[in-house]
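Student: dropping the sequence and predicted coords here.
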Amino acid sequence: MHKIALVHEWFVNYMGSEKCVESFVKLYPDADIFALVDYLDKEKRDIILNGKNVNTSFIQKLPFSQKKYRSYLPFFPLAIEQLDISKYDIILSSSHAVAKGVLTNANQMHVCYCHTPIRYAWDLYFQYLKDSNLTSGVKSWVAKYFLHKIRIWDFTTANRVDHFIANSKYIARRIKKVYNREAEVIYPPVDINNFSSSEKKENFYLTVARFVPYKKIDLVVSAFSKMPDKKLIVIGDGPDTEKIKALASSNIDLIGYQETETLKDYMQRAKAFVFAAEEDFGITTVEAQASGTPVIGFNRGGTSEIVIEGKTGVLFDRQSVDSIINAVNDFEKTEDKFDTSIIRNNAEQFSRSRFENEINNFVNSKYSEF
């Protein structure tokens, strides 16, 4: 029996990357789990880790780490390298920052499921500095220095991984660009069985996202403010809430964060789901299609791989108000042609059972060659 270690950056929330770890734990129930920090409550621990405890780094014991763990970014490389996984045969890391950097030896096979190379060190570097007010001054130079060091560390540690798996073709291209490594594509798990397809659509559009700059909720709201005859429901909250409220006209309802059952109800009833972000994958666009709802989405990132133009949605090529308006108008010209069963069937390819089968087959086949 092979000894397996599962490595993840941190356990704080139940988001897309944790849903992958949830599947890893189901596949390998005897595996030991490692992370920089672990602050899951009992409910989330039972869902993601089947109640198991996590081996954590020294960051867990640093002051205010529960709320401010991200502030210890300069220590992340050192911390991940202090996790002792030397006694395991197979290491499966779930990485969007530093998890892939654990130290392994020649007798261990390391498979990295890469959600993305570190965004704020690479392609979102300048946006990160701008959003964090770190474009000038002493703090800016300190941040730039540490991010420069992390870029060097991140590139060199790519050689510690035997096999990369990307969560989309888009991320596979970024892995090639940043690390010069090839990656197999295995789309992440979406709990599509939690969503029911409905043919009964009501006369409103829906968008769901956290209110942060890269989600581009401001563009969607601005576009619908210029289409007063079309109703938009906006689910979500976040740092940009006041900015979004200021942009919204009377045909736009901002209803804040909603629990899953309410979200599912709106997903089923919406005539279309609008999505303007450039995402690594984009789970909500799959959930919308699992509800039989077509997607009006930005034709970049994971969305371009999830949505089939003219069959399961309409794609637009620029993140602009005019592009969204044109896409909505194009959708309305052909909305009668969209078939909820075809849309639902497209979502089926992103199921959790498919993900678990593909991961298990990949790990087994690579280890048999190791």
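Tutor: Perfect, thanks for sending it. Remember, it's a predicted structure, so these values are computed and weren't measured experimentally. Numbers count the residues shown, from 1 in each chain.
Student: thinking E22 is in contact with R45, fair?
Tutor: No: using Cβ atoms under 8 Å, E22 is not in contact with R45, being 10.9 Å away. Where you see a C-beta, it was placed from the backbone N, CA and C, and this is true even at glycine.
Student: does the residue lying farthest from the centre of the chain belong to a helix, a strand or coil?
Tutor: Most distant from the centre of the chain: D229, at 32.9 Å, with distances by Cα atoms, centre = their mean. Three-state assignment for D229 (DSSP: H, G, I helix; E, B strand; the rest coil): coil.
Student: oh, and call the first residue 2 from now on, that's how I've got it
Tutor: Okay, residue one is now 2; in that scheme the one you just asked about reads as D230.
Student: could you pull up phi and psi at the nearest residue to it once chain neighbours are set aside?
Tutor: Closest residue to D230 apart from its sequence neighbours, by Cβ to Cβ, 6 or more residues apart in numbering: N252 at 7.4 Å. The phi/psi pair for N252 (degrees, to the nearest 10) reads phi -90, psi 0.
Student: how close does N252 get to G298?
Tutor: Using Cβ to Cβ, to the nearest Å, N252 is found at 21 Å from G298.
Student: looking at those two, which one has more neighbours?
Tutor: G298 (31 against 15; other Cβ atoms under 10 Å).
Student: need the longest helix for the chain.
Tutor: helix 139-158 (DSSP state H).
Student: so after that one, what's the next helix or strand?
Tutor: Sequence order places strand 164-167 as the next helix or strand after helix 139-158, per DSSP states H and E.
Student: contacts made by that following strand with the rest, please.
Tutor: 110-115, 173, 175-176, 180, 182-187, 360, 363, 367 (Cβ atoms under 8 Å, 6 or more residues apart in numbering).
Student: please save the CA atoms from that strand in CSV.
Tutor: Extracted C-alpha coordinates of strand 164-167, given in CSV (Å, rounded to 0.1, in the frame of the first residue of the first chain):
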residue,chain,number,x,y,z
HIS,A,164,3.7,15.8,-13.3
PHE,A,165,1.5,18.9,-13.6
ILE,A,166,-2.3,18.7,-14.0
ALA,A,167,-4.0,22.0,-15.0
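Student: partner strands of it, with direction?
Tutor: strand 110-115 (parallel), strand 184-186 (parallel) (DSSP bridges).
Student: what's the spacing between it and its chain's center?
Tutor: 16 Å (Cα atoms, centre = their mean, to the nearest Å).
Student: that strand - what's its average pLDDT?
Tutor: The average pLDDT within strand 164-167 is 98.
Student: stretch 360-368 too?
Tutor: Mean predicted lDDT for stretch 360-368 stands at 96.
Student: part of a strand, is V8?
Tutor: Yes: the assignment for V8 by three-state DSSP puts it in a strand.
Student: isn't it up against V103?
Tutor: Yes: with contact defined as Cβ under 8 Å, V8 counts as touching V103 (5.4 Å).
Student: give me the common contacts of these two.
Tutor: By Cβ under 8 Å, 6+ apart, the residues touching both V8 and V103 are 35, 81, 84, 86, 92, 94.
Student: which ones among those lie within strands?
Tutor: 35, 92, 94 (DSSP state E).
Student: go through these and name the one nearest A277.
Tutor: Proximity of these to A277 (Cβ to Cβ) peaks at S94, which lies at 30.9 Å.
Student: quick one, what contacts that closest one?
Tutor: Here S94 is in contact with 7-9, 100-101, 103, 111-114, 162 (Cβ under 8 Å, 6+ apart).
Student: just give me the closest of these to S66.
Tutor: Of the contacts of S94, the one sitting nearest to S66 (Cβ to Cβ) turns out to be H9, at 15.9 Å.
Student: residues contacting that closest one?
Tutor: So H9 contacts 18-19, 22, 34-36, 94-96, 100 (Cβ under 8 Å, 6+ apart).
Student: out of those, which comes closest to Q269?
Tutor: Of the contacts of H9, the one sitting nearest to Q269 (Cβ to Cβ) turns out to be E19, at 25.0 Å.
Student: that closest one: neighbouring residues, count only.
Tutor: Neighbour number of E19 under other Cβ under 10 Å is 19.
Student: my guess is it meets L50, correct?
Tutor: No: E19 lies out of contact with L50 (Cβ under 8 Å); the separation is 9.1 Å.
Student: can you tell me who the nearest residue to V55 once chain neighbours are set aside pairs with across the strands?
Tutor: Excluding the flanking residues, the one nearest V55 by Cβ to Cβ, 6+ apart is D39, at 3.9 Å. Beta-bridge pairing for D39 (DSSP bridges): F12.
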